[in-house]
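1. Give the three-dimensional model of this entry:
(2 chains)
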Amino acid sequence: MADWTTIPDSSIEPGKPIRSIDGLALRDNPIAAFEGASGAPRLADAALGPAASATTAGRDWVLARTALADVGAVGTYAFLKTASAINADIAAGATRAGSELRYAGVTEDGGIGSPFIGTSSSPAGTWRCMGFIDYRGQSGTLGTTLWLRIA
Amino acid sequence: MMKTIELSNPRYNADGSIDADWNHPVHGQIAFTASPNDPEPHGRAIFEWLQNGEYGPVLPYNPPIE
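-> Below you'll find the model as predicted:
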């Protein structure tokens, strides 16, 4: 991995030959920036093309990396149910610790004929409510909606 | 990593993982569940730090009153 070197203006004087150490830094700095070396400038959002210039190849690049995410990784969505009864609405944008939620899914019970929402384990981290859970004034209310892991 | 993560009030939850309050640089004050099974490396590291008492003693699980 290449190191980033900050080259002061005084090291490159007009009319004088460049020193080899500065020449090496000029050679290595672009490599260091692409490698994300400490101190190197980062690619800014403005350097990315606008959505209008997006390509199928670019989309595939993004989706391939999105598909690498594990279940429960930061930035992923999950269908989660509250682990215990709530006593107020959970608004879109509210956050909860993972332990307050359970992975959930809708099951149609053949015997009863109505669907119910089953749950399994709790996720780690912090999750943002991306839907809405209506308390409805009922004690023992549990709610299920879509959540986004944010931390 | 620890020096840049502000955690407080660690407590065990019903699952045996540890909840803590995180003063997050982007999201502000949030509740966070640290688990040894977290797919995120920072989550596993936080669990280890909390379990080792690096942010104070971890309170025992206190079940909610139904």
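
2. ok, is stretch A:102-113 in contact with chain B or not?
-> No - judged by C-beta under 8 Å from any C-beta of the partner chain, stretch A:102-113 and chain B are separated, with a smallest distance of 9.7 Å. In short, each C-beta sits where N, CA and C put it, glycine included.

3. Show me what that stretch is in contact with.
-> Applying C-beta atoms under 8 Å, 6 or more residues apart in numbering or on different chains, the contact partners of stretch A:102-113 are A:78-83, A:114-123, A:144.

4. which residues of chain A score low on pLDDT?
-> A:112-113 (pLDDT under 70).

5. Could you tell me which residues of it lie near chain B?
-> A:70-74, A:83-85, A:95-100, A:121-126, A:150-151.

6. Can you tell me what sits against stretch A:65-77?
-> With C-beta under 8 Å, 6+ apart, stretch A:65-77 has contacts from A:78, A:98, A:123-125, A:130, A:146-151, B:38-40.

7. which element is residue B:8 on?
-> strand B:6-12 (DSSP states H and E).

8. And the helices in chain A, which stretches?
-> Applying DSSP state H to chain A gives helices spanning A:20-35, A:56-66.

9. Of these, flag the one that's most buried.
-> helix A:20-35 (a mean of 14; mean count of other C-beta atoms under 10 Å in any protein chain shown).

10. can you list contacts of the strand holding residue B:8?
-> B:18-23, B:32, B:46, B:49-50, B:55-62.

11. Ok, stretch B:22-37 next?
-> Counting by C-beta under 8 Å, 6+ apart, A:95-100, A:122-126, A:150-151, B:4-8, B:13, B:15, B:17-21, B:43-44, B:46-48, B:50 sit against stretch B:22-37.

12. what separates it from the chain centre, distance-wise?
-> 7 Å (C-alpha atoms, centre = their mean, to the nearest Å).

13. Quote the end-to-end distance of it.
-> 19 Å (C-alpha to C-alpha, to the nearest Å).

14. Which one of the contacts of stretch A:65-77 is nearest to residue A:58?
-> residue A:148 (23.1 Å; C-beta to C-beta).

15. what sits against that closest one?
-> A:75, A:76, A:77, A:127, A:128, A:130.

16. So for it, what's the nearest residue that isn't a sequence neighbour?
-> Leaving out its chain neighbours, the residue that sits closest to residue A:148 by C-beta to C-beta, 6 or more residues apart in numbering or on different chains is residue A:128, at 4.8 Å.

17. if I pick residue 38, what's in contact with it?
-> Let's take chain A. Residue A:38 neighbours (C-beta under 8 Å, 6+ apart): A:3, A:4.

18. oops, I was thinking of chain B
-> A:72, A:124, A:125, B:44, B:47.

19. Most neighbours among these, please name it.
-> residue A:124 (30 neighbours; other C-beta atoms under 10 Å in any protein chain shown).
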